[in-house]
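**Student:** Dropping the sequence and predicted coords here.
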Amino acid sequence: MDGVRVGKRVIGAQSPVTVGWENIPKVEGGPMRLFFFTWFQPTMLFALIAFWYYAPNSIAKASTAVGIGIAFKILLLGLEWLAPRHESWRLTWKELTVDLFYVSLGYTVLRLIEGFIGSDAVIEAVQTSFDWQKLAWFIGLPLLLQAFLISFVFDFGQYWMHRGMHNWYPLWVTHAPHHYITQLNVNKGAVGNPVELFLIGLGIGGLFDFLPRAALLAGSLGLAVGTYQHINVRFNSPRWWRFLFNTTEHHSVHHSRDFEASRSNYASTWVVIDRMFGTCVDGEAELLGMEGGRPMSIRETMVYPFADGWRTLKERLGRRSVMPAE
Amino acid sequence: MNHRLVQWIWHVKGSLALPPGQTSDEAFARLDPLFRETGTTRQRDGSRLRFRKRDQAAQDRMAVFDGGELRVERGVGAPVLRYHLTSRALLFCFLAPLMFLAVARLTVIVGEYNKPTPAEIAAKEKREEAKAALPMSPIDAFLGAPAPEKPKKKDPKSKDDDDKPRPTAAYVFAGIFSVLYLVGRIGQARLVRRLFTTRLSAH
């Protein structure tokens, strides 16, 4: 495999990666199908923004956001079933069950722990100890600007955490299990070691105080854009969307079995951050995973950071002890 | 408790008659591609085939099973294929609701022991009140967004605590995994039977 030169890097030398939007297949079918898969993403995004902007205070609550989030994911699961992007990524009973297990950890055990040591605790501590009046200027900004800043600043932090995970071994061992997924489905974003999910959730967005409605608007960006990172559906995303936002295509390159390709497209929602720092690769891949596509069991996922970390430490210490004395 | 009933949780057993004239060699030859998947090892011993699967690929048609045995036996009319398959995925899915019920209980206990102090509640209420008192951006007022609502004073006697961890999610997931288990136990048994039937009768 020759790969394709992108900047100073060669992408796709180890595993097939399609580089360049012009080379990516488009949705095929009748006019209704084309219309649906072209306009679905922007319509849902603007509909959610309009909803959260104008919803009465009695409706604009976190519980409504949870309900909308669940309904949206069920809708996307339906789309995956009706119009899969790749047959090789088709959701099976076992994949769905395993994915939901990780999702459920996020809603239950991790949420419980987060209240003590995670971002929730950090936000609470910062907001309680800090004179929030000093940040009042932020609350006076227009809602959509507040929402954009919350989303962008949080994603900026996440970008560097994610990039750090791909470049520093102690962080990588927490993130590696997520890269053993061999297909992208709606709930695959939750698959991984809980330590990673905790680290990636630490955002500097918590340092701001903001109106609840702005947070709900920012959340809708995550839902109506970030969710498409992991989905087995092909959309004809508009050019501006692909420029600004992370897409399934971008994220499939990130999950490719090709090492260089996997070191790109780190942002969660705003792929424009990758463009700013030269890590964006426009393209797509179907063959995903690590070690030739070996799936990782739940048990191994849970212990991997500790087991692999311990193994590496022992190797390093062993190497040092057999070095000849000078 | 009945041993067979307990086994039913993660053991899938069944039998189906081979098409007329089909020998055990022919039957196993037709089924062989199912056991040539990555991570699968198989051992053929006459009219018996044993297999093990480890790190099954997601699209392996028998990914849900970790091992089992297939035997061709003499039936009333034609020879019969009997299979006995085991699935850890089904076992874990069966146990998952129990785990989430335990998590729900733990959430309630943590909530009881970790009640916010009156000072913490007062500080939070003060922050929320001050936030709601801020003037709305003129752009938002022009576009017609609802103004932030003053938070309602909480009744100090009220037992409801918004910040208390709630066990609802754990109960919901216990329910989801119960349904998933039933769908999986019945559905996967049917799917594997259909898979064997299709393979054996394919032209």
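**Tutor:** Right, received. Where do you want to start? This structure is a prediction, so every number in the text was calculated from the model and none was measured.
**Student:** B:Gly14 in helix, strand or coil?
**Tutor:** Here B:Gly14 is recorded as strand under DSSP: H, G, I helix; E, B strand; the rest coil.
**Student:** Let me fix that, I meant to ask about B:Arg50.
**Tutor:** Per three-state DSSP, B:Arg50 ends up strand.
**Student:** Could you do B:Leu195 as well?
**Tutor:** helix.
**Student:** Quick one: residues contacting the closest residue in space to it that isn't next to it in sequence.
**Tutor:** Excluding the flanking residues, the one nearest B:Leu195 by CB to CB, 6 or more residues apart in numbering or on different chains is B:Arg61, at 5.8 Å. (C-beta placed from N, C-alpha, C; glycine too.) Residues near B:Arg61 by CB atoms under 8 Å, 6 or more residues apart in numbering or on different chains: B:34, B:37, B:195.
**Student:** Tell me the pLDDT of the second one.
**Tutor:** With respect to pLDDT, B:Glu37 has a value of 92.
**Student:** Measure how buried the nearest residue to it once chain neighbours are set aside is and give me the count.
**Tutor:** Excluding its sequence neighbours, the residue lying closest to B:Glu37 (CB to CB, 6+ apart) is B:Asp60, at 4.5 Å. B:Asp60 has 19 neighbours, counted by other CB atoms under 10 Å in any protein chain shown.
**Student:** And the contacts of B:Arg61, which of them are buried?
**Tutor:** Using 16 or more other CB atoms under 10 Å in any protein chain shown as the burial test, the contacts of B:Arg61 include B:34, B:37 as buried.
**Student:** Closest one to A:Ala71 out of the contacts of B:Arg61, please.
**Tutor:** Nearest to A:Ala71 among these: B:Leu195, at 33.6 Å, using CB to CB.
**Student:** close enough to count as contact, that closest one and B:Leu31?
**Tutor:** No - look at B:Leu195 against B:Leu31 with CB atoms under 8 Å: they stay out of range, at 9.0 Å.
**Student:** tell me, what's touching those two both at once?
**Tutor:** Counting by CB under 8 Å, 6+ apart, nothing touches both B:Leu195 and B:Leu31.
**Student:** one step back: what about the residue nearest to B:Glu37, which SS state?
**Tutor:** Assignment for B:Asp60 (three-state DSSP): coil.
**Student:** Quick check: phi and psi at the residue nearest to B:Leu195.
**Tutor:** Backbone torsions of B:Arg61, given as degrees, to the nearest 10, read phi -60, psi -20.
**Student:** In terms of secondary structure, what does the helix or strand of chain B with the lowest mean pLDDT contact?
**Tutor:** In chain B, no helix or strand scores lower on mean pLDDT, DSSP states H and E than helix B:118-133, which sits at a mean of 72. Packing contacts for helix B:118-133, counted by 3 or more CB pairs under 8 Å, 6 or more residues apart in numbering or on different chains; DSSP states H and E, involve helix A:119-129.
**Student:** avg pLDDT for the helix it packs on?
**Tutor:** Rounded mean pLDDT across helix A:119-129 is 60.
**Student:** Can you give me every residue that contacts residue 177?
**Tutor:** Going with chain A. Contacts of A:Pro177 (CB under 8 Å, 6+ apart): A:191-193, A:196, A:296, A:300-301, A:304-305.
**Student:** I was thinking of chain B, sorry if that wasn't clear
**Tutor:** A:97, A:100-101, A:104, B:93, B:96-97, B:100.
**Student:** Where does pLDDT dip in the chain?
**Tutor:** You didn't pick a chain, so chain A it is. The model of chain A has pLDDT under 70 over residues A:117-136, A:201-210, A:321-326.
**Student:** please go with chain B instead
**Tutor:** B:1, B:130-134, B:150-163, B:203.
**Student:** can you give me the helices in it?
**Tutor:** Counting by DSSP state H, one finds helices in chain B at the ranges B:3-7, B:24-31, B:88-113, B:118-133, B:138-143, B:168-201.
**Student:** Take the contacts of A:Pro177 and keep only those in helices.
**Tutor:** A:196, A:300-301, A:304-305.
**Student:** between the contacts of B:Arg61, which is closest to A:Gly164?
**Tutor:** Nearest member of the contacts of B:Arg61 to A:Gly164, counting by CB to CB, is B:Glu37, at 36.7 Å.
**Student:** Next, find the distance separating the closest one from B:Thr197.
**Tutor:** 19 Å (CB to CB, to the nearest Å).
**Student:** now swap in B:Tyr171 and tell me
**Tutor:** 39 Å.
**Student:** Between those two, tell me which one has more neighbours.
**Tutor:** Regarding B:Tyr171 and B:Thr197, a neighbour count based on other CB under 10 Å identifies B:Tyr171 as having more, with 17 against 14.
**Student:** That one contacts B:Ala104, doesn't it?
**Tutor:** Yes - with contact defined as CB under 8 Å, B:Tyr171 reaches B:Ala104; the gap is 5.4 Å.
**Student:** residue ranges of the helices in the stretch 201-326 of chain A, please?
**Tutor:** In the stretch 201-326 of chain A, the helices defined using DSSP state H, counting those that start in this stretch lie at A:212-224, A:239-244, A:248-254, A:259-262, A:272-277, A:298-321.
**Student:** Can you list the buried residues in the last one?
**Tutor:** Read it as helix A:298-321. Those would be A:298, A:300-302, A:304-305, A:308, for helix A:298-321 by 16+ other CB under 10 Å.
**Student:** can you list the residues of the stretch 1-150 of chain A near chain B?
**Tutor:** A:53-57, A:60, A:88, A:90, A:92-98, A:100-101, A:104, A:107-109, A:111-112, A:115, A:127-128, A:132-133, A:136, A:139-143 (CB under 8 Å from any CB of the partner chain).
**Student:** Tell me the buried residues within those residues.
**Tutor:** A:53, A:55, A:60, A:90, A:92-98, A:100-101, A:104, A:107-109, A:111-112, A:115, A:127, A:132, A:139, A:141-143.
**Student:** count of residues packed around A:Ser268?
**Tutor:** Other residues close to A:Ser268 by other CB under 10 Å number 24.
**Student:** Dihedrals phi and psi, it?
**Tutor:** phi -90, psi -50.
**Student:** Could you find the closest non-adjacent residue to residue 34?
**Tutor:** No chain specified, so I'll use chain A. Per CB to CB, 6+ apart, closest to A:Leu34 is A:Val27, 6.0 Å.
**Student:** wrong one, I was asking about chain B
**Tutor:** Using CB to CB, 6+ apart, the closest residue to B:Leu34 is B:Met62 (5.8 Å).
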